[in-house]
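> give me a model of this one.
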Amino acid sequence: MGMFLPMETAIHHMPREAPARESNLVLSAKGLVLGYGKRDVVRGIDLEVPRGQFLVVLGPSGSGKTSLLMSLNGSIPVKGGRLEVLEQNPSVLVGRSLEVFRRRIGFIFQSFHLVGRLAVLHNVASGLLPRIPLPMAMLRWYSREQYDRILEALRVVGLEDRVLDRCDRLSGGQKQRIAIARAIVQDPSLILADEPISALDHRSARGVMETLRNAAREFGITVVCNLHHIDTARDYADRIVGLNDGRIVFDGPPSILDETAIAAIYRGSREPEQSPSDPESSAA
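Numbering: from 1, shown residues only. Alright, predicted model coming up:
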């Protein structure tokens, strides 16, 4: 049950609150150490990410990419050094303060995290749940402003015509674009994407990366995206950080990511992955 407004309703640009005066840095880490028990998986990382940057983190499995990403929303505590995200230390936040902090961060997963039996509308609307009163959320009733916000996010990802379709009837690429729309409606300052194209074919993967980059530019959102694929990182990143064994071994623009840098990033692992190469699979 829910409130479906007429589809001919004009789609307006998503209203955004005037931002408070903020630092130009979305992320600042100094000597950052992350780990589990006695095992350190990220060691002494120094990193600054300015507002609006599209940063790709490259590295083999086990290099510390996911641990780094999870630390940025407070899911992994800091063992050593300093970490500041959106002018706060996420590792010391608890309860309500952590919940409010995470509202400013969208997260895009490998496996979409959508409810297949629900319509696209309701899956995207789940990004608004912290701002919707519980009774209205349970009934899936949305205000005109919220509905316009959902449609605007779907317009940005190119799926506004699928608003009433069930998510389990969409292709993998379309599902990931719905996940991007869900992140957009949060009105985040930062989006974290953990291997968002790992399960997709070449065409779908490029469609998702194009969508994510365009959304970030349109709304001024900073993106930190973990990838395995070197060619994709080169094509879409403003900046690439390469990790090996929990340490930064490369940090620079895609134009200087040469064979020497790639060898350093993937030292001790199997050959680095290129972009997905099956253009004949499901459409984006």
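> can you give me the helices in this structure?
In the chain, the helices defined using DSSP state H lie at 65-71, 95-102, 120-125, 134-139, 144-156, 172-185, 202-219, 230-236, 259-265.
> with mean neighbour count added, can I get those in JSON lines?
For every residue, glycine as well, the C-beta is placed using N, CA and C. Formatted as JSON lines, the helices of the chain follow (neighbours: other CB atoms under 10 Å):
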{"stretch": "helix 65-71", "mean neighbour count": "21"}
{"stretch": "helix 95-102", "mean neighbour count": "13"}
{"stretch": "helix 120-125", "mean neighbour count": "24"}
{"stretch": "helix 134-139", "mean neighbour count": "12"}
{"stretch": "helix 144-156", "mean neighbour count": "20"}
{"stretch": "helix 172-185", "mean neighbour count": "26"}
{"stretch": "helix 202-219", "mean neighbour count": "21"}
{"stretch": "helix 230-236", "mean neighbour count": "20"}
{"stretch": "helix 259-265", "mean neighbour count": "14"}
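> which of these comes out lowest on mean pLDDT?
Across the helices of the chain, helix 134-139 has the smallest mean pLDDT, namely a mean of 66.
> against residue 31, how distant is residue 76?
Noted for residue 76: a distance of 16 Å to residue 31, by CB to CB, to the nearest Å.
> these two: who's more crowded?
Higher neighbour count among residue 76 and residue 31: residue 76, with 20 against 12, using other CB atoms under 10 Å.
> that one contacts residue 64, correct?
No - the pair residue 76 / residue 64 is not scored as a contact, 10.5 Å apart, by CB atoms under 8 Å.
> please name the nearest non-neighbouring residue to residue 181.
residue 153 (4.0 Å; CB to CB, 6 or more residues apart in numbering).
> hmm, I typed the wrong one, I wanted residue 162.
Nearest non-adjacent residue to residue 162, counting by CB to CB, 6+ apart: residue 120, 5.2 Å away.
> that neighbour: what's it in contact with?
Shown in contact with residue 120 (CB atoms under 8 Å, 6 or more residues apart in numbering): 154, 159, 162-167, 170, 178.
> and if you look at residue 216?
By CB under 8 Å, 6+ apart, the neighbours of residue 216 are 52, 54, 191, 222-223.
> how about those residues in TSV, adding neighbour count, pLDDT and distance to residue 174?
Formatted as TSV, the contacts of residue 216 follow (neighbours: other CB atoms under 10 Å; pLDDT from 0 to 100; distance: CB to CB, whole Å):
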residue	neighbour count	pLDDT	distance to residue 174
52	16	95	27
54	20	97	22
191	24	97	18
222	22	97	25
223	27	97	20
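> looking at those, which are in strands?
Mapping the contacts of residue 216 onto strands (DSSP state E) picks out 54, 191, 222-223.
> report the two of these separated the most.
Farthest-apart pair in the ones in strands among the contacts of residue 216 is 54 and 191; separation 9.5 Å (CB to CB).
> now do the shared contacts for those two.
Contacts common to residue 54 and residue 191, judged by CB under 8 Å, 6+ apart, are 216, 222-223.
> export those residues as a markdown table, with columns for distance to residue 145.
Shown next, in a markdown table, are the shared contacts of residue 54 and residue 191 (distance: CB to CB, whole Å):
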| residue | distance to residue 145 |
| --- | --- |
| 216 | 23 |
| 222 | 25 |
| 223 | 26 |
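> return the member of those residues nearest to residue 70.
residue 223 (15.8 Å).
> beta partners of the closest one?
Beta-bridge partners recorded for residue 223 (DSSP bridges): residue 54, residue 191.
> distance of it from residue 153?
In terms of CB to CB, residue 223 sits 15 Å off from residue 153.
> mind giving me the domain split of the protein?
25-104+189-197+211-274, 110-187 (automatic domain parsing).
> distance to residue 204 added to those, as JSON lines?
Listed next are the domains of the chain as JSON lines, based on distance: least, CB to CB, whole Å:
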{"stretch": "domain 25-104+189-197+211-274", "distance to residue 204": "7"}
{"stretch": "domain 110-187", "distance to residue 204": "3"}
